[in-house]
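Visitor: sequence first, predicted coordinates after that:
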Amino acid sequence: MKKIRILALSGSLRKCSDNTALLNAIYQLAPEHIEVRLFNHLGELPLFNPDLENEPHQALSALQQELSAADGVFIASPEYAHGISGVLKNALDWLVGSESFPNMPVALFNTSPRASHAQAALREVIKTMSGNIIEEASISVPLMGSGLNQEGIVSHPEISAALSSALHEFVNVIHQTRMAN
Ligand SMILES: Cc1cc2nc3c(=O)[nH]c(=O)nc-3n(C[C@H](O)[C@H](O)[C@H](O)COP(=O)(O)O)c2cc1C
């Protein structure tokens, strides 16, 4: 079976970020044929400027390469002042022109169910970029204030089951798409 490769983007640069911990937990829960690759360099991207689109930049090239090699994208972002984090929006702005994004399966994970404004905004951005949001895989996991780190998430029975199920639903869509093409 061909490996499935998923690019994971966390909108938080915090060392103890819930969003990053969630994506790392999914990486840990994924079976061997699914490779979840967290892109750790969003903080190194320049601020989006269309004038710089053809200038070489290491972190940007790495992100573009990761996207073009990916079968799907996982996104988890905090809400700041009722919006998407600037870190994530900046990265998405750099990817708007990418040929790889249209029809890309995307799952949106939310670690704070009260963060509804950012999720709605993120959804709108991804739709505008013609990403294919996989609803069955886009779940809310209430981590805020839980004190759970990556290991705690993985060993939490209900949360790890919900994440494994989301991963399974997501990968099913990728398999179906592969069979249809
Ligand atoms: C400056 C700032 C603004 C925030 N604004 C909101 C907000 O508008 N709505 C909300 O639900 N949470 C808000 N939060 C809480 C963060 O979304 C929350 O701490 C989140 O878990 C951080 O994600 P992380 O652990 O991945 O860094 C805010 C936090 C900060 C620091």
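Guide: Thanks, I have the structure now.
Visitor: give me the element A25 is part of.
Guide: helix 18-29 (DSSP states H and E).
Visitor: other SSEs contacting that helix?
Guide: Applying 3 or more Cβ pairs under 8 Å, 6 or more residues apart in numbering; DSSP states H and E, one finds that helix 18-29 contacts strand 4-10, strand 34-38, strand 72-76, strand 105-109, helix 150-154, helix 157-180. Bear in mind the C-beta positions are built from the backbone N, C-alpha and C, glycine included.
Visitor: out of those, deepest packed?
Guide: Greatest average neighbour count among these goes to strand 72-76 (a mean of 26), per mean count of other Cβ atoms under 10 Å.
Visitor: now the helix or strand just after that strand: how far from the chain's centre is it?
Guide: Once the chain leaves strand 72-76, the next helix or strand it forms, by DSSP H and E, is strand 79-80. For strand 79-80, the separation from the chain centroid amounts to 16 Å (computed by Cα atoms, centre = their mean, to the nearest Å).
Visitor: and for stretch 46-56?
Guide: For stretch 46-56, the distance to the chain centre is 22 Å (Cα atoms, centre = their mean).
Visitor: only C-alpha atoms, please: export it in PDB.
Guide: Below are the C-alpha coordinates for stretch 46-56, written out as PDB (Å, rounded to 0.1, in the frame of the first residue of the first chain):
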ATOM      1  CA  PRO A  46       8.600  36.200   5.900                       C
ATOM      2  CA  LEU A  47       5.500  38.300   6.200                       C
ATOM      3  CA  PHE A  48       3.400  37.700   3.100                       C
ATOM      4  CA  ASN A  49       4.200  40.100   0.300                       C
ATOM      5  CA  PRO A  50       3.300  39.300  -3.300                       C
ATOM      6  CA  ASP A  51       6.400  41.200  -4.400                       C
ATOM      7  CA  LEU A  52       8.500  38.500  -2.800                       C
ATOM      8  CA  GLU A  53       6.800  35.500  -4.400                       C
ATOM      9  CA  ASN A  54       9.600  34.800  -6.700                       C
ATOM     10  CA  GLU A  55      12.400  35.500  -4.200                       C
ATOM     11  CA  PRO A  56      14.100  32.300  -2.800                       C
END
